[in-house]
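> structural data only, the sequence is not supplied:
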DNA sequence: CGGAGCTCCTGGGGGC
DNA sequence: TGCCCCCAGGAGCTCC
């Protein structure tokens, strides 16, 4: 389950391996992987052949590769299980290979492998700022220079929802998934059901700092992975679950106070909290 | 229009 | 051993 730091590692890999190379052939092996390309798989491939990627960019967990026509980009999301692999053409196809990008100069080729097919790609026009139109509505992520702290803190406290829901809302702040939301809330000692409108400014500031710390720590380790499905662009698995303080630690003791970590159902998934460090607010909202 | 809930998908794992 | 069901999750969509 790649989160922002893992996607950044993939972006760097793409930058190193696929830029400036003429695309010779694109095979779409599963239609669902191009479902965000309305004109279909054939059109997706035709728009890319004889073109080249000139950059590798990211916003939140979205990646895009601008083309040498200066107008379009391949844009996509890895979803839960997506991997971008740089592989020799002679390597056997992976069990869940969905898209193959082969280059005129030969090896290596780029492969999109995705077991659960939540991920996918499209060719889309870019807006004046160079952002693909389909993702122009996504907020900046907290590691982006363009992220406006003051504006985020204001918008957060104007919301009328639980603080974790707000963290997961990509129109407010992008790139925060379930794992890092729980980690950042634990660090800042906030319960997921805390109503956003009751957050003191200092608490909101602490929370934003914690989000950045969690992401930065993961990036330092070359991307976090808690799932064998996650593999970086070179196919090497990152592994960093020792750094997790609460996520997935139900019943284990809190690293701060030793109380047993609890797991609660949350939006058809889970939230992990320390009942002592993160007491449930009297007026809970989620 | 903001907020909340549903849906897509696959394979690992537990229960029986 | 085999079958069934639950679970993981981002984000687009729909509904109120």
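Perfect, I can see it now. Remember, predicted model here, so these are calculated numbers, not experimental data. Residues are numbered from 1 along each chain as shown, chains lettered A, B, ... in the order given.

> can we go C-alpha only for contacts and neighbour counts from here?
Fine.

> contacts only, for residue A:184.
A:207, A:210-211, A:214 (CA atoms under 8 Å, 6 or more residues apart in numbering).

> tell me the one among those residues nearest to DNA strand B.
Closest approach between the contacts of residue A:184 and DNA strand B, by CA to the nearest atom of the strand: residue A:207, at 18.2 Å.

> check contacts around the closest residue to the closest one other than its chain neighbours.
Closest residue to residue A:207 apart from its sequence neighbours, by CA to CA, 6 or more residues apart in numbering: residue A:188 at 5.4 Å. Applying CA under 8 Å, 6+ apart, we find residue A:188 in contact with A:203, A:206-207, A:210.

> quick one, which of those residues are buried?
A:206-207, A:210 (16 or more other CA atoms under 10 Å).

> just put those residues in a markdown table and tack on distance to residue A:34, secondary structure and pLDDT.
As requested, the buried ones among the contacts of residue A:188 are arranged in a markdown table below (distance: CA to CA, whole Å; DSSP: H, G, I helix; E, B strand; the rest coil; pLDDT from 0 to 100):
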| residue | distance to residue A:34 | secondary structure | pLDDT |
| --- | --- | --- | --- |
| A:206 | 39 | helix | 96 |
| A:207 | 36 | helix | 96 |
| A:210 | 35 | helix | 95 |
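
> quick one: which of those residues is nearest residue A:114?
When the buried ones among the contacts of residue A:188 are compared for distance to residue A:114 (CA to CA), residue A:210 wins out at 30.5 Å.

> sec struct for the nearest residue to that closest one once chain neighbours are set aside, please.
Nearest residue to residue A:210 in three dimensions, chain neighbours excluded: residue A:184, at 4.9 Å (CA to CA, 6+ apart). Classification of residue A:184 using DSSP: H, G, I helix; E, B strand; the rest coil returns helix.

> now residue A:116
coil.

> grab the nearest non-local neighbour of residue A:143.
Using CA to CA, 6+ apart, the closest residue to residue A:143 is residue A:212 (7.0 Å).

> what packs against the lowest-mean-pLDDT helix or strand in chain A?
Every helix and strand of chain A was ranked by mean pLDDT, DSSP states H and E. The lowest is helix A:4-17, at a mean of 87. Counting contacts by 3 or more CA pairs under 8 Å, 6 or more residues apart in numbering; DSSP states H and E, helix A:4-17 packs against strand A:57-59, strand A:62-66, helix A:201-220.

> relative to residue A:26, which of those is closest?
Across those, residue A:26 has its closest neighbour in strand A:62-66 (14.8 Å, CA to CA).

> what's next to that closest one, contact-wise?
Identification of contacts with strand A:62-66 by CA under 8 Å, 6+ apart yields A:7, A:11, A:53-58, A:72-78, A:132, A:135.
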